[in-house]
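Q: model the following, please.
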Amino acid sequence: MLLRPVSPISALLSNTKSKFPAKCIIHSKMGSESKSLVGKKSANYRLANISGFKTDLLEINSNEPKLHVLLIPGNPGVLYHFTQNFWSHCMSYWEGLPLSQACISHISQSKKDWESRRLFSLEEQIDHKISFIEQELQDVEVPIILVGHSIGSYISLEVLKRCHKKVTYCVGLYPFLALNTASSTQSFIRRLAMSPALCTAASAIGALFGALPSELTGFLVKIFVGKSWSSSAVEALCTHILKVQSFANQWFLCYMISYFDSSLSRSI
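A: Got it, this is the predicted structure:
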């Protein structure tokens, strides 16, 4: 199945106004398990059980939605970081539109180690999103639109192929379909990801940073990336991304992506 050309969401809902505009401000505190986007419309945090796996969700429900938007992040798939830097920006464009929205994390890329440090492949992450639609959105009667970022775009494409009766459109933002060989950063990540030994070493270093007191981790992170990263991104790195199970799964997903890209190149 080919990806359908997609009009902007606002165009799909032209001349439609919502009684519940979705303008929001995100809490800067990340200490509690329950987080909300506060404004004219609130987003509810929920820890869901999707096919036996603990999954972070953020949801905004409309009383009379015309569309249901599901956002699938890239790698890392840490929900809070993705939401704070991306979802709120999207919502500024969607303000006033009758949308129900959800943002889903990847398995075992969260603050807590729910899955006992198990590693999950790209295919398992795809199946996870399909299970979410079949389990949580089975009664949704309005069109479902997937919005994927980076490798989330590829995941969205695969979900579209397999759930075409439920999913109507797919939007890819900075879609990842192949590595950019001209990028020295991507080439370095690929070489690192393709080596199990180097992935293990990188995970161990990340876990070491994550095990340090949060104040010290934050100080070290700010020294290296603080000038180019927002304070919320630095905080998300310290509290979520550098957790041992999360960091290991991020690198494992990088390895799976690199393997997929190599296989694709050989088949062309």
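Q: which stretches of the stretch 101-250 of the chain aren't confidently modelled?
A: Where the stretch 101-250 of the chain drops to pLDDT under 70, the residues are 176-181, 185-186, 190, 192-194, 199, 203, 210, 214, 225-228, 230-232.
Q: any chance you could map the strands in it?
A: Ranges of strands within the stretch 101-250 of the chain are 144-149, 167-173, based on DSSP state E, counting those that start in this stretch.
Q: other SSEs contacting the longest one?
A: What that stands for is strand 167-173. The helices and strands touching strand 167-173, judged by 3 or more Cβ pairs under 8 Å, 6 or more residues apart in numbering; DSSP states H and E, are strand 144-149, helix 151-162. Every C-beta, even on glycine, is put in place using the N, C-alpha and C of the backbone.
Q: Asp127 is nearest to which of these?
A: Proximity to Asp127 (Cβ to Cβ) singles out helix 151-162 among the helices and strands packed on strand 167-173, at 9.1 Å.
Q: right, so the strands of the stretch 101-250 of the chain: which one is the most enclosed?
A: The highest mean neighbour count among these, using mean count of other Cβ atoms under 10 Å, belongs to strand 144-149: a mean of 24.
Q: show me what that strand is in contact with.
A: Strand 144-149 has contacts (Cβ atoms under 8 Å, 6 or more residues apart in numbering) with 6, 9, 12, 67-74, 82, 86, 90, 133, 137, 154-157, 159-160, 166-175.
Q: let's see that with 7 Å instead.
A: Outside of strand 144-149, the residues within contact range by Cβ atoms under 7 Å, 6 or more residues apart in numbering are 9, 67-74, 86, 137, 155-156, 159-160, 166-174.
Q: and if you look at stretch 124-139?
A: The contact list for stretch 124-139 (Cβ under 7 Å, 6+ apart) reads 50-51, 53, 68, 72, 104, 106-107, 144, 155, 158-159, 162-163, 166.
Q: which parts of the protein belong to which domain?
A: Under the assignment automatic domain parsing, the domains of the chain span 18-173, 184-267.
Q: pick the most deeply packed of those domains.
A: Mean neighbours per residue, mean count of other Cβ under 10 Å, is largest over the domains of the chain for domain 18-173, with a mean of 19.
Q: now do the same contact list for the residue lying closest to Gly77 once chain neighbours are set aside.
A: Spatial nearest neighbour of Gly77, chain neighbours left out: His106 (3.0 Å); criterion: Cβ to Cβ, 6 or more residues apart in numbering. Listed by Cβ under 7 Å, 6+ apart, the contact set of His106 reads 73, 77, 125.
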